[in-house]
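>>> The sequence isn't on hand, but the structure is:
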């Protein structure tokens, strides 16, 4: 069982293959969070993420360990952007390996909900047309 | 003791700064920093009295005494991902 945390400057790249050769797991889920063009009714060009380190990584690691134990996962990997991520680009990726589908799906939902409530990461919407730019 | 309390996100934008200096007694606790922040910004006193403060990157009970050099941050309004 393992927990991997990566804080990455800017947008995330394409996901690596999750189909690692293993007889341990029957479920592999990759969830990608993508920056939308609409944020609270405003058209934006990007989101800027502030990550308070090392507290954020410490809390993500602890949350990952909790998910491993609670849901019986094989592994969990968290990648989160820091800094500016343009609309349409990935800013968050959660990769979960588990023995079965049900626990993998449950872990993904619970992890993301808890992360948004508890982990010190703040996002700021950057307007596509800020005041005074016309 | 003087601490520079780190702030982030919308709070930092609202107050137009990244940290707030507070002067508290030598035997001050986390709660004293909450009160000092509330006194510094009366219009946000309710917020600061209830704000979660991290000390050296971990949440601590409000009665925990502080030491010179501790890193204190307001960790509220979290919403990443």
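Received the coordinates, thanks. Computed from a predicted model, the values in this text were never measured in an experiment. Numbers count the residues shown, from 1 in each chain, chains lettered A, B, ... in the order given.
>>> do the lengthiest strand in chain A and chain B meet?
Under DSSP state E, the strand in chain A containing the largest number of residues is strand A:73-86. Yes. Using C-beta under 8 Å from any C-beta of the partner chain, strand A:73-86 reaches chain B at residue A:80. All C-beta spots, glycine's among them, are computed from the backbone N, C-alpha and C.
>>> in its sheet, what does the helix or strand just after that strand sit against?
Sequence-wise, the next helix or strand downstream of strand A:73-86 (DSSP states H and E) is strand A:90-98. Here strand A:90-98 has these sheet partners by DSSP bridges: strand A:27-34 (antiparallel), strand A:73-86 (antiparallel).
>>> And the shortest one, what's buried?
For strand A:27-34, burial by neighbour count (16 or more other C-beta atoms under 10 Å in any protein chain shown) applies to A:27-29, A:31, A:33.
>>> pLDDT (mean, whole number) over it?
In this model, strand A:27-34 has an average pLDDT of 94.
>>> And it, how far out from the chain middle?
Computed by C-alpha atoms, centre = their mean, to the nearest Å, the chain-centroid distance of strand A:27-34 equals 9 Å.
>>> Helix or strand next in line after it, which one?
That would be, after strand A:27-34 and using DSSP H and E, strand A:38-39.
>>> what sits up against that following strand?
For strand A:38-39, contacts defined as C-beta atoms under 8 Å, 6 or more residues apart in numbering or on different chains pick out A:44, A:47, A:125.
>>> Make sure residue A:64 is indeed in a helix.
Yes. According to DSSP: H, G, I helix; E, B strand; the rest coil, residue A:64 belongs to a helix.
>>> With adjacent residues omitted, what lies nearest to residue A:74?
If the residues on either side of it in the chain are set aside, residue A:74 comes closest to residue A:97, at 4.2 Å by C-beta to C-beta, 6 or more residues apart in numbering or on different chains.
>>> Mind pulling the model confidence for the closest residue in space to residue A:76 that isn't next to it in sequence?
The shortest distance from residue A:76 to any non-neighbouring residue, by C-beta to C-beta, 6+ apart, is to residue A:64 (4.6 Å). According to the prediction, residue A:64 has pLDDT 97.
>>> swap in residue A:128?
So residue A:128 comes in at 84 (pLDDT).
>>> now do residue B:68
pLDDT, residue B:68: 94.
>>> Chain B contacts on chain A?
So far as C-beta under 8 Å from any C-beta goes, chain A lies against chain B at A:33, A:49-52, A:54-55, A:58, A:80, A:91-92, A:112, A:115-124.
>>> Give me the buried subset of the residues you listed.
Buried by 16+ other C-beta under 10 Å: A:33, A:49-52, A:55, A:80, A:91-92, A:112, A:115, A:118-124, out of the residues of chain A next to chain B.
>>> Inside strands: which ones of these?
Of these, the ones assigned to strands by DSSP E are A:33, A:49-51, A:80, A:91-92, A:121-124.
>>> closest to residue B:10 among the buried residues of strand A:27-34?
Using C-beta to C-beta, residue A:33 is the member of the buried residues of strand A:27-34 that sits closest to residue B:10, with 19.8 Å.
>>> so that closest one sits right up against residue A:93, yeah?
Yes. With contacts counted by C-beta atoms under 8 Å, residue A:33 reaches residue A:93, the gap being 7.2 Å.
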